[in-house]
Structure formats: structure tokens, C-alpha cells
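[1] Provided below are the primary sequence and the corresponding predicted coordinates.
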Amino acid sequence: MLAQLAASLGALKLPLRLTLPGGGSVDLGPSPRVELQIHDPALLEELQTPSLDRLGEAFIQQRMDIRGSVLDAIGVADRLSQALVRDEDEGPPPHDPHDRQTDAEAIAYHYDLSNDFYALWLDPEMVYSCGYFRHPDDTLAKAQVQKLDHLCRKLRLRSGQRLLDVGCGWGGLARHAAKEYGVQVHGITLSRQQLKLARERVAAQGLGDRIQLELRDYRDLTGKENYDKVVSVGMFEHVGHANLPAYFQILHQQVKPGGLVMNHGITARHTDGRPVGHGAGAFIARYVFPHGELPHLATAVKAMSDQGLEVVDVESLRMHYALTLEHWSRNLEANRDAAAALVDERALRIWRVYLAGCAYGFSRNWMNIHQILAVKPLPGGGHHLPLTRDDIYLQGRGAGDSQR
Ligand SMILES: C[S@@+](CC[C@H](N)C(=O)[O-])C[C@H]1O[C@@H](n2cnc3c(N)ncnc32)[C@H](O)[C@@H]1O
């Protein structure tokens, strides 16, 4: 079987070595950088028609191991899949129904895993979304502070304003906005573990009078026009197509007339949402973000516009997310022993594949990420935004600049 595989795949010249349980091995190209140690011989049959979800699954089921960089392994697996299977003509996946219970379970599965585990590979502020790299060699910590500042500048935050942070994570943006811009922040999350640590950090920094964080579903926000600005970062991926109208209607309802809404989130490659990446999306949906859905930018803009939010600025940060995920993946790889003491082997393997796979996917344009800024127009249709974007970049040294 090994010889047969080598014959059929040799022409691809992959930098890949396959090793069998008995110790036999075959190189599928010169100077292999990646070694797949096959523990289950039945896997060799499956390698004839590989897909990224089945290879990822075999890895988390410990039917094989990877020696070498997991990022390189994803690249090799993709080339193998590209050569041997076609998936681009599949239709779009069905849209999931989303209710409070299923969403709460999905969020707990991912975010309540272990705060200490996340702290091993995120930046010190534990920002769990795409950074903003002014230079490719910026550190992750710097890129995240720059991202927080980029958001605050786009939102034109001013001292004394009220900011709603929907999906506040571990509170990095709330702390930055309160400290550097003097705003009052109300942050909501569905993760109990995030909330616990975020509150501890707010208290430790003496920000309790400016930041209120709570466990709350966005559907349970009450009141009307309570906030000058609303921000949602890395959260709308959990909303689902079916709930996009309700989600944006709630954001619209919460912000004051003339106020700004920023939606920062991952978007689909194709307008119809058909899969890309040879099974990568199926792996993410099954093992990483259950019930996650990626609308296309056009779908998001339509859903915002339909609710009366006027889209005024859109920025793609795709390459920034590829860099961010590379940092996260490298950090996790460098801290594998510590991670193994915090989560079980299965979870560790899932997160290793997910971080490296998403770094690869963003660099390959399998998905995108957009910051969409919108205004709730004043009753007469106007707003107070400046005529140009210059103020975002020229208003003097922001907090991000001081970190350089
Ligand atoms: C990827 S994290 C991003 C966290 C944070 N914004 C950041 O950039 O670090 C997604 C966040 O959305 C929150 N979230 C997801 N679904 C939610 C819902 N239905 N209501 C409130 N928060 C939700 C999660 O609890 C989590 O805090």
C-alpha cells in the first residue's frame, strides 16, 4: 500500500515522509520537512482521497502524529487534497437554527475550555481576535494594542461617552477604551470563565467605576438608545444567518441617533457561502466552533442596511489575521507541554490544527475579515462624522503608538 501510494503521489514532490507502525517509511518528495507517523494502517487507504477534515480528525483521534511544523503539515495536506479531491462544487452548508440554549452551549464548549490555556498563546491582554500589524514584524502584543486603538479611533470615542461591547471576551477592549479614552463601557459575554477573569483584571486595574461586565446574551439587551457607540469584535460569527436581522436590529436599537456601530468579524469567501478549503470548514464546525457561520461581506452589509444602519467604512484585515493566527499557533506549539497540563490531549490536538489551519486559510483567501463601520443617522438623515478618514491616522500619538 505504501509503495502504491508513493507511486501515485510521487509526481507531486511533496516534502512529506510517511512512516508506518512497523517502522517502514516512504518519502513523497525530496528533503521532507513534515513526517506523518501513521499509527493506524487503515489510514493509508484514506490518504488516497484525503480531505482536511478527515486528516484533522485522524490526528485528533491519535491515528497519526505529525513531526515537524504543524503549519507546514497543513500546507502539505492541502496540496495532497487539491491533487486528489475536488470540493469546490459543493453547495453552501445549511444554516443552523440558533437559540439561546444552543448558543450558550457552543460558547461554553469553546471559550470555557481554560483561561490558563488561552493565556499561554494569546497576547498579555488576551485579545481573541485579529491584530493590526503596522509592520509584519510587529509583536503580537503590539499588534493587539494597535488593533484596540484602531477600533477606538474609528469609533471616535470621546471621554464620558458610553460604549457597549457585545462579545467582550476577556475585556481587553473595554480596559483599553476606559483607560485611554475615558469612556464608560458595558461589556457582555456568554462565557463564564471569560467573565470571571475579565472582572478580576478590571478590579486589579481599578477600573470598576468605568467598566461593567456581565453574562448576557445579546438578545437579552434591554432599553433603547443607551449608548453613544456600539462595538462587536469576533462575535457575529456566532450569530448565524437566520438571526442577522435580529442581531443588527438590536445593535441599531441600542445606539443613539448619530452614534456609530462597529462590526468586526470573519466573512465568507463566496457570496453564497459554498465551502472552500477541502473540508477545513467542516472540521471547524464539528470540533472548534459548533454552530459558527460566516456570512459574506455583502450579506453583512445588506443586513446592517436593512436595519437602518448606514455603512460608512469597510476595511479588510485578512492578512492581519493570517499573521495573528501564525503568532497564536507558534505560541501554542512553543508551549505544548504546559498546554498538555491544562487541557486533554484531544482538545490540544483540535486547537493545534485549528490555529495552524486558520493561519493557512486566511493567507490563502479561504475566508476574510472585515471591520464594517456604520452610523445610525440623525432624524434628518445627517451625522457628525468628519468628511475624511484623516482623523483616524493623524489625531496625534494614540495609545498604540506609545507601545512601539
Ligand atoms: C472570539 S471572542 C472575541 C472576544 C473579544 N471581542 C476579543 O476581541 O477579544 C467572541 C465573544 O463573543 C461572545 N459571544 C458569542 N455569542 C454571544 C451571544 N449570543 N451573546 C453575547 N456574547 C456572545 C463570546 O462569549 C466571546 O466573548
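    Cool, got the structure. Residues are numbered from 1 along each chain as shown.

[2] just checking, residue 291 is part of a helix?
    No - using DSSP: H, G, I helix; E, B strand; the rest coil, the assignment for residue 291 is coil, not a helix.

[3] that one touches residue 106, doesn't it?
    Yes - using C-beta atoms under 8 Å, residue 291 makes contact with residue 106 at a distance of 4.6 Å. Quick note: C-beta positions are derived from backbone N, CA and C, even for glycine.

[4] anything in contact with each of those two?
    residue 238 (C-beta atoms under 8 Å, 6 or more residues apart in numbering).

[5] near the ligand, which residues of the stretch 1-150 of the chain show up?
    103, 107, 111, 127, 128, 129 (C-beta under 6 Å from any ligand atom).

[6] and if we set it to 8 Å?
    100, 103, 104, 106, 107, 111, 126, 127, 128, 129 (C-beta under 8 Å from any ligand atom).

[7] most neighbours, which of these?
    residue 127 (25 neighbours; other C-beta atoms under 10 Å).

[8] could you check how far that one is from residue 313?
    When C-beta to C-beta, to the nearest Å is the yardstick, residue 127 and residue 313 sit 21 Å from each other.

[9] could you do residue 266 as well?
    From residue 266 to residue 313 the distance is 18 Å (C-beta to C-beta).

[10] and for residue 382?
    Per C-beta to C-beta, residue 382 is found 17 Å from residue 313.

[11] pick out whichever of these two has more residues nearby.
    Set residue 382 next to residue 313 and count neighbours by other C-beta under 10 Å: residue 313 wins out with 15 against 11.

[12] okay, now residue 46: neighbour count?
    When neighbours are counted by other C-beta under 10 Å, residue 46 registers 15.

[13] one more: residue 45?
    10.

[14] what pLDDT does it get?
    Per-residue pLDDT puts residue 45 at 83.

[15] domain-wise, how is the chain divided?
    2-84, 100-403 (automatic domain parsing).

[16] ranking the ones you listed by burial, who's on top?
    Highest mean neighbour count of the domains of the chain: domain 100-403, a mean of 19 (counted as mean count of other C-beta atoms under 10 Å).

[17] quick one: mean pLDDT for that one?
    95.

[18] can you tell me how far the closest residue to the ligand within the stretch 301-404 of the chain sits from residue 209?
    Nearest residue of the stretch 301-404 of the chain to the ligand (C-beta to the nearest ligand atom) works out as residue 324 at 10.7 Å. The spacing between residue 324 and residue 209, counted by C-beta to C-beta, is 32 Å.

[19] quick one: the strands in this structure, in order.
    16-19, 25-27, 34-38, 64-67, 162-166, 184-189, 211-215, 227-233, 255-268, 310-316, 367-375 (DSSP state E).

[20] to residue 240, which of those lies closest?
    strand 255-268 (12.3 Å; C-beta to C-beta).

[21] direction included, what does the closest one pair up with?
    strand 227-233 (parallel), strand 367-375 (antiparallel) (DSSP bridges).

[22] and those strands: which comes nearest residue 348?
    strand 367-375 (23.8 Å).

[23] report the angle between the closest one and strand 310-316.
    Angle, strand 367-375 to strand 310-316, by axes from the mean of the first three to the mean of the last three C-alpha atoms, to 10 degrees: 150 degrees.

[24] is any residue of strand 367-375 near the ligand?
    No - interface with the ligand: strand 367-375 contributes nothing (C-beta under 8 Å from any ligand atom), its closest point being 11.4 Å away.

[25] contact partners of that strand?
    Contacts of strand 367-375 (C-beta under 8 Å, 6+ apart): 130, 150-151, 154-155, 258-269, 276, 294, 297, 300-301, 304, 309-318, 320-321, 361-362, 383, 385.

[26] kindly report the same for stretch 212-223.
    Residues outside stretch 212-223 that contact it (C-beta under 8 Å, 6+ apart): 100, 103-104, 164, 166-168, 171, 174, 184-192, 195, 198-199, 202, 235, 239, 246-247, 250, 254.

[27] among those, name the ones in helices.
    100, 103-104, 174, 192, 195, 198-199, 202, 246-247, 250, 254 (DSSP state H).

[28] quick one: the residue of the stretch 1-150 of the chain found nearest the ligand and residue 151, what's the gap?
    The nearest approach of the stretch 1-150 of the chain to the ligand comes at residue 129, 3.3 Å away (C-beta to the nearest ligand atom). From residue 129 across to residue 151, the span is 10 Å (C-beta to C-beta).

[29] which residues touch the closest residue to residue 197 other than its chain neighbours?
    Sequence neighbours aside, residue 115 is the residue nearest to residue 197 in space, at 4.8 Å (criterion: C-beta to C-beta, 6 or more residues apart in numbering). With contact taken as C-beta under 8 Å, 6+ apart, residue 115 is in contact with 170, 193, 194, 196, 197.

[30] same list, those, but only the ones touching the ligand.
    Intersecting those with the contacts of the ligand gives 170, 194 (criterion: C-beta under 8 Å from any ligand atom).

[31] and the contacts of residue 115, which is closest to the ligand?
    Using C-beta to the nearest ligand atom, residue 194 is the member of the contacts of residue 115 that lies nearest the ligand, at 5.3 Å.

[32] what residues are up against that closest one?
    111, 112, 115, 168, 169, 170, 171.

[33] residue contacts, the nearest residue to residue 161 once chain neighbours are set aside?
    Distances taken as C-beta to C-beta, 6+ apart place residue 228 nearest to residue 161, at 4.0 Å, with adjacent residues excluded. Taking C-beta under 8 Å, 6+ apart as the criterion, residue 228 is in contact with 161, 162, 163, 183, 255, 256, 259.

[34] from those, which is closest to residue 50?
    Nearest to residue 50 among the contacts of residue 228 is residue 163, at 46.5 Å by C-beta to C-beta.

[35] make sure that closest one is actually in contact with residue 233.
    No - taking C-beta under 8 Å as the definition, residue 163 is not a contact partner of residue 233, at 11.8 Å.
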